[in-house]
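Q: Predicted structure and sequence below. I'll ask about it afterward.
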Amino acid sequence: MRRILALTGGVGGAKLALGLSRVLEAHEVLFAVNTADDFTHLGLHISPDIDSLTYALAGQNNTETGWGRAGDSWHCIETFAELGGADWFRLGDKDLALHLRRTQLMAAGGTLTDATASIAQALGIAHPIAPMSNDAVRTIVHTDSGPLAFQHYFVRERCAPRVERFEFRGGDTAELNPLIESWLDGCDGVVICPSNPYVSIDPMLSLGRLRERLTDLPVVAISPIVGGLALKGPAAKMMAELHVPATVEAVAAHYHDILDGLVIDSTDAEASKLIGIPTIVTNTIMVTLADRVALASAALGFLGDLTPAS
């Protein structure tokens, strides 16, 4: 396997992406990233999932918070709050600089892809990062409290409202990033990182013909559910509120039309008999860099063993 597409979003996805970047050369993998979490805040274009991946690949992610940039300070947002501004979305000083630069590049006529590439190059990242689209797609979480923009649900409301359904506003007209389109032409296989299936991966699968095109390729996913829990984020809570069991079987069912293999944690080994597609059982809890590299290697080896979908 020498031309891999990795679908990623959020902290869990970024962890595996870092492992993949240590196993695959820059010309061997394209990271397609969810941008339906993006929003405009304080006049700046914020791309949380792109930033999580960017900081991870640059070795600058904040391991203490799980988000943001390492070694950051909070003087600007604290002063902003003192002046009466809303501080529910915490932006560090160094993080603000990245958002300022992205917004500047896009205001000058660059696409989100252009801005992402420029920032990645400045941070010494060799592996290509492709926003899922240069068009605006926004996740709306429909809850028992009414519809909420994703960051309002996720950060401001701390995922408290009960989820009823998800809407990817703008997804019906947005175009899949041309970088992803062209990469698929010679793609050998796809890895779905252990990201939230509903709000990190589904927005990408809703674009253009991506879902259809993946049916022609071997696809493996790493389950974000381990022992009935989501290691990162609200995936298990969302599944419960949608009346979906928080199990690896449910993850496989969610991707049923595109998935050829599922990587599950040893905690869920017994479930491998119930999934109905090939599985491998390994450690999927990524605490160290070695864990990330080992899981990436296992997923790629599994992918290489699969017969391309007919």
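A: Here it is on my side, so go on.
Q: count of neighbours near the residue nearest to residue 100 when sequence neighbours are not counted?
A: Leaving out its chain neighbours, the residue that sits closest to residue 100 by C-beta to C-beta, 6 or more residues apart in numbering is residue 44, at 6.5 Å. For glycine as for every other residue, the C-beta is placed from the backbone atoms N, C-alpha and C. Using other C-beta atoms under 10 Å, residue 44 has 17 neighbouring residues.
Q: For residue 44, give the beta-bridge partners.
A: With DSSP bridges as the criterion, residue 44 is bridged to residue 41.
Q: That one against residue 101, yeah?
A: No: counting by C-beta atoms under 8 Å, residue 44 does not reach residue 101; the two are 9.8 Å apart.
Q: circling back to that earlier point, so what pLDDT did the residue nearest to residue 100 get?
A: Looking at residue 44, its pLDDT stands at 98.
Q: OK, contacts around it?
A: When contacts are counted by C-beta atoms under 8 Å, 6 or more residues apart in numbering, residue 44 touches 96, 99-100, 102-103.
Q: Now tabulate the residues you listed in a markdown table and tack on pLDDT and neighbour count.
A: A markdown table is the format used below for the contacts of residue 44 (pLDDT from 0 to 100; neighbours: other C-beta atoms under 10 Å):
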| residue | pLDDT | neighbour count |
| --- | --- | --- |
| 96 | 97 | 20 |
| 99 | 98 | 19 |
| 100 | 98 | 14 |
| 102 | 98 | 23 |
| 103 | 98 | 17 |
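Q: Out of those residues, flag the one nearest to residue 8.
A: residue 102 (18.4 Å; C-beta to C-beta).
Q: Surely the closest one and residue 45 touch.
A: Yes: using C-beta under 8 Å, residue 102 makes contact with residue 45 at a distance of 5.4 Å.
Q: The stretch 1-150 of the chain: helices as residue ranges?
A: When assigned using DSSP state H, counting those that start in this stretch, the helices of the stretch 1-150 of the chain occupy the ranges 10-23, 48-57, 75-82, 93-107, 112-122, 150-151.
Q: looking at those, which is closest to residue 247?
A: Nearest to residue 247 among the helices of the stretch 1-150 of the chain is helix 10-23; the distance by C-beta to C-beta comes to 17.1 Å.
Q: And the closest one, what's buried?
A: Buried residues in helix 10-23, counting neighbours by 16 or more other C-beta atoms under 10 Å, are found at 10-21, 23.
Q: again with stretch 202-212
A: 202-208, 210.
Q: quick one: contacts for residue 94?
A: 69, 71-73.
Q: ok, now which ones touch residue 150?
A: Residues in contact with residue 150 (C-beta under 8 Å, 6+ apart) are 36-37, 39, 138-141, 199.
Q: Where does pLDDT dip in this structure?
A: Residues of the chain meeting the criterion pLDDT under 70: 1, 307-310.
Q: how about the strands in it?
A: Remark: strands assigned in the chain by DSSP state E are 4-8, 29-33, 39-41, 44-46, 129-131, 138-143, 146-149, 163-169, 189-192, 219-222, 225-226, 229-230, 261-265, 279-282.
Q: So which residues make contact with the longest one?
A: In other words, strand 163-169. Counting by C-beta under 8 Å, 6+ apart, 36, 137-144, 147, 198-199, 202-203, 206, 237-238, 241-242 sit against strand 163-169.
Q: The residues you listed, buried ones only, as a PyMOL selection?
A: Buried residues among these (16+ other C-beta under 10 Å), as a PyMOL selection:
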select buried, resi 36+137+138+139+140+141+143+198+199+202+203+206+237+238+241
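Q: Confirm for me that residue 204 is in contact with residue 198.
A: No: Residue 204 is beyond contact range of residue 198, at 11.8 Å (criterion: C-beta under 8 Å).
Q: what's the spacing between the closest residue in space to residue 232 that isn't next to it in sequence and residue 214?
A: Spatial nearest neighbour of residue 232, chain neighbours left out: residue 12 (4.4 Å); criterion: C-beta to C-beta, 6+ apart. According to C-beta to C-beta, to the nearest Å, residue 12 and residue 214 sit 20 Å apart.
Q: what do you get for residue 60?
A: Taken as C-beta to C-beta, the span from residue 60 to residue 214 is 31 Å.
Q: now do residue 185
A: 13 Å.
Q: who has more neighbours, these two?
A: Taking other C-beta under 10 Å, residue 185 and residue 214 do not tie; residue 214 has more neighbours (25 against 8).
Q: What's the local residue count around the closest residue to that one other than its chain neighbours?
A: Residue nearest to residue 214 in three dimensions, not counting chain neighbours: residue 258, with 4.4 Å by C-beta to C-beta, 6+ apart. By other C-beta under 10 Å, 20 other residues sit near residue 258.
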